[in-house]
Every structure is written in C-alpha cells, then in structure tokens.
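structural data only, the sequence is not supplied:
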C-alpha cells in the first residue's frame, strides 16, 4: 500500500512539474512617462495572475547626477505603483535607473542587485546590467565572467532566459557583426532574450535564440506599424509547446510574437528615410513668402508589392498646395514623380505635411509622413580681410544680419532680440552673434568644460552642412564665456543619423559683454571639413539662441539633424 501511494505521489509531482509556467515581462515606464499608463498596465498584469513579473528597465526618470534624494523619491513613487502586484517581482536596470555610478547603490537598495540570476521550476533566469554601456563589448569583464560562469551552471536547466535593457543586437548581429553577449548565449544554449529601451515592440530570431524587445509600458512612444502602443508581454513555457511570447495591448488584446519583426522595423525605417523625397527645397524669401512648383519622388521597395494609395496633404493656415490629394501608384523596386504647386506667406513653419501608405512586408502597410522641404536663406559675405576674433562684432564686414527667428516652429520669437552674421574667405568660416538682454544679471553661465552642460546655459548654436552632397552636419554651441559644445552628425546614404560626440572642432572663439548684450565671434578653419569656400557656394545651415532666463529658444528653422530640415547659406 505504501508503495502504491509513493508511486501515485511521484506521478502527481511529475504532472505538476510539467504544468505550463506563465510570467509577465513589463517594459519601460519612463523616458517622457505618460501619467497613469503604468498604473493601468500593473492592474492588467495583476488581474492576469502570472507566477512572477520581471521588468526590462527604466522604472524612474532618473538622470540625476547630484540630486540623489530625487532618485530616492522616484523609487518610492515607483514602488507604490507596483504595490498591487502580489507575486514575486524582479527588476532589470535601465539607463534611467542607473545613469551615473552614484545611482547604482540607490538602485540596489530600492530594487535588487544590478545583475543576478534566479531559478524557477527548473528554469534559469539571468538579469544583466547594461545601463551605462552602449554595446556588449563595452561591458565590464567582471560581469561577463560572472555571466559565463552562471550560464555554465545552468547547463541542465529546462530553459534559460536572459534580460537586459538595451538591445545591443540591433547594431551588431543584425549588421553581421560579432556580439559578445550573443556568442555566450550561443555557447551555453540560451533560449530567449528580452530587452526594452526603444519604447516599441519587435522580435527576431538569431541562431535559434528568440530576441524580444518589449515596448512602452508608459514611456513616451507612438504606435508601431501594426498599432501596438502601450503593452506588456505574457510568456508561457510549456514542455510540449515550447516558449510562447504574446504582447498584450493595454485593454487586453493579444498579439502574436512575430506581429512586428525587426525586419519589419528595418523596412518601415527605409520607407520613412528614403520613401519620400523632394527634388529641391522650396525657398522662403526675407518676407517669409514662397511660391514654387515642387517635384515629389516616391520610392517603393522591391517587396513584390505595388504601392497604391491616395497621397494627402495636411496644410497649416499659411500654406496652399495643389492638388491637395493625389492617387499614387508605384511598382515594386521603382520610383515615380509627382508635381505640386505650393505657396506660403507669413509663417513658413510648420510646413505642409503629406501622408502616404507604403508596403513594408507582404500584406502589410504603414503610414509614412513627410514635411515639405522648406528652406530660409542667409547671406554670407566673402571677404578679403578677415575679422579680428575678439567677440566685439564691430567690423564693417558683418553685414545683412538675420534677426527674425521663431519659437516652437511658428510662434513669434520669445527670446530677447538677436543678430546673426556670416562671413567667409577661402580658408575659414566666420560666425558672429549679438545677443541682447536688458537684464545682464539673468544670463545663465555654469558650464566651464567643453561639451559639459553648454546647451543648458545662455548660448548660441550653429548647425553647418558644408557639403550638401555628403550630408554630415556639424553642431557648435558657444556660451557667454566662450565654452564650446560640439559634435558631428554622421548621415548615412540611407538617411540614418548617428552622433559622433568625440568630434572636436578646431575653432577660435571669443566673447564680449556690454550693458545690455553679450556677443560672440568665431573663426572655423574649413580644412577640417575637407572643403574651401568661394563666392557662389551654398551650404546647409541652421542656428539658434537659447535663453534659459526667459525659458525660451529662438530658432531659424525647426531644429533637426535631418539635412532636409536645414536652411541655405549663400556665399556672395
């Protein structure tokens, strides 16, 4: 009798062990968090009753280098939000949680260790800390050694799952590059990897490993190509059926794991970057009027799917476009041109915006929008005698200043008045700005080191594009003490933009101060751009003034790193 009971008990244990396991993965709450969204996500997860919950990072807004008490307050707020979750709760650190080293201890006191592992019903769960690094190759050797040892210990686990915030694999494996983490995952038989960070959902499989980027659970975002917006993810592990991953939209709708693949994301991005372009920008005169006929080029990817849709223009009050709607039809792998008459007066921005649906996969379409390329013009004097760079802006060569800028694209300038000047010789570009301020004591100047906080001070900034065929943009900001912030924006042929913050300009800059103004002059050698200047040259350009005391910025064109968003500087 005892023997029979033991056998029956053993059978019951085996049945219980084989029962499906359900756990929830929650994405980023922060990064421009939207009120009440995370609370609703938590309520839905609580109602679903998973066995445990694990996050993929960014629980607090963070980014506090000195005010650590603010971090403590934000953690208290977050823990109150997730208090309704009675099941086990595991944290993955994100860049908002541990932005600087001083936040590490605060994270570990309020959440758990930054990297760790745990077991659940014969499965191994590993959490990594990638909060302060931008690739798997940059991770500390200590953590990588720990990971390898922990994976080795999990060799006999039913399944192995890994969680870390930033999906490094989108810039390594996807591009055919080696990835340190993926190599370890391959070697030790990891089954699935979960990330966050990007605030939109997508999945991919590499070498049999399922990668899932969980999207926003409250952080600022927009709908993905299939409409996924705020969501969480349910994972079900069944020894017979394997691993099932379902994004669950706020409201309860479930989607398939491959509802959006990373290949889909790449295709959508290609449409957004290269699907719509204008043959040239519409020039806006000094009177802020424009009238032109523009050629729109639509490029359809070679996806064996024809683009057939109605193109529609959304027009601000200052603009007209004819025709306002137009049927577009473009064969796979080809381009088509369409022409429009445009006119604007008084307020060049925001510019007219068009929308059109593009195929991005077989049977799938997404909406692409693009603004009309609108360019203001500035004059640059070609000079024989260079200015003295002393910050005083008094030489006669400083001519035809630009004085009319805007706040928030279309609103009248809310900063105090400013004058921007341009000059050049064959070897140098000369910049000058005269910034008026009736209350000089309100001028904010804290930055003393290059690149560190200059953009938070009173400052002026320029975005020159020396070679309009290449597309690389340079950014230079100067504060009233002549401290510089600079970087290079590298633009690929496909239109992708990447910031090279290590780039440092060769620049001679001086500033001066008066009773009701501060001013700046700068000399920028052109050799560093691989170019020279001559009359007739045209550069891309944008510029701005930032005035924290008035809580205002003044921009010549809307600030963008897109070369198509720049105005034009004519050297005469």
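It's in. These figures come from a predicted structure and were not determined experimentally.

low pLDDT regions in the stretch 1-150 of the chain?
1-18 (pLDDT under 70).

repeat that for 90
1-19, 64-68 (pLDDT under 90).

point out where the stretch 401-550 of the chain drops to low pLDDT.
In the stretch 401-550 of the chain (pLDDT under 90), the answer is 407-413, 439-442, 467-471, 490-501.

what's near enough to touch the residue positioned nearest the centre of the chain?
Among the residues of the chain, the one closest to the centroid is residue 198, at 7.9 Å (Cα atoms, centre = their mean). By Cβ atoms under 8 Å, 6 or more residues apart in numbering, the residues touching residue 198 are 167, 213, 215. All C-beta spots, glycine's among them, are computed from the backbone N, C-alpha and C.

neighbours of the first one, how many?
Looking back up the chat, that one is residue 167. 25 (other Cβ atoms under 10 Å).

and it, how close does it get to residue 254?
22 Å (Cβ to Cβ, to the nearest Å).

swap in residue 35?
For residue 35 relative to residue 254 (Cβ to Cβ), the value is 25 Å.

how about residue 544?
For residue 544, the distance to residue 254 - Cβ to Cβ - is 46 Å.

so residue 185: helix, strand or coil?
helix (DSSP: H, G, I helix; E, B strand; the rest coil).

pairing partners for the closest residue to it other than its chain neighbours in the sheet, please.
Distances taken as Cβ to Cβ, 6 or more residues apart in numbering put residue 209 closest to residue 185, at 5.6 Å, once the chain neighbours are dropped. Legend: beta-bridge partners of residue 209 under DSSP bridges are residue 206.

what is the burial count for residue 209?
Using other Cβ under 10 Å, residue 209 is surrounded by 19 other residues.

need the contact list for the closest residue to residue 443 other than its chain neighbours.
Once flanking residues are discounted, residue 443 sits nearest to residue 458: 4.8 Å by Cβ to Cβ, 6+ apart. The neighbours of residue 458, taking Cβ under 8 Å, 6+ apart as the test, are 435, 437, 443, 444, 445, 479, 480, 518, 546, 547, 548, 549.

which of those are buried, as a ChimeraX select command?
Only the buried entries of the contacts of residue 458 go into this ChimeraX selection, using 16 or more other Cβ atoms under 10 Å:
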select :435,437,443,445,479,480,518,546,547,548
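
could you dump the contacts of residue 458 to JSON lines with distance to residue 101 and secondary structure?
Shown next, in JSON lines, are the contacts of residue 458 (distance: Cβ to Cβ, whole Å; DSSP: H, G, I helix; E, B strand; the rest coil):
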{"residue": "435", "distance to residue 101": "37", "secondary structure": "strand"}
{"residue": "437", "distance to residue 101": "37", "secondary structure": "coil"}
{"residue": "443", "distance to residue 101": "32", "secondary structure": "coil"}
{"residue": "444", "distance to residue 101": "27", "secondary structure": "coil"}
{"residue": "445", "distance to residue 101": "27", "secondary structure": "coil"}
{"residue": "479", "distance to residue 101": "27", "secondary structure": "coil"}
{"residue": "480", "distance to residue 101": "31", "secondary structure": "coil"}
{"residue": "518", "distance to residue 101": "36", "secondary structure": "strand"}
{"residue": "546", "distance to residue 101": "29", "secondary structure": "strand"}
{"residue": "547", "distance to residue 101": "33", "secondary structure": "strand"}
{"residue": "548", "distance to residue 101": "28", "secondary structure": "helix"}
{"residue": "549", "distance to residue 101": "32", "secondary structure": "helix"}
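
ok, the contacts of residue 458 vs residue 524, which is closest?
Comparing these against residue 524 with Cβ to Cβ picks out residue 479 as the nearest, at 16.9 Å.

touching, the closest one and residue 456? I think so.
No - using Cβ atoms under 8 Å, residue 479 makes no contact with residue 456, being 9.1 Å away.

now do the shared contacts for these two.
residue 447.

dump the residue contacts of the residue nearest to residue 185.
182, 185, 186, 190, 191, 192, 193.

again, but for residue 415
Here residue 415 is in contact with 405, 407, 545, 546, 547, 550, 552, 553, 554 (Cβ under 8 Å, 6+ apart).

how about residue 488?
The contact partners of residue 488, by Cβ under 8 Å, 6+ apart, come to 472, 473, 474, 475, 499, 500, 503.

just the pLDDT at the residue lying closest to residue 314 once chain neighbours are set aside, thanks.
Nearest non-adjacent residue to residue 314, counting by Cβ to Cβ, 6+ apart: residue 353, 4.7 Å away. Residue 353 is assigned 97 on the pLDDT scale.

residue 353 contacts residue 373, correct?
No - if you go by Cβ under 8 Å, residue 353 and residue 373 don't touch, sitting 11.6 Å apart.
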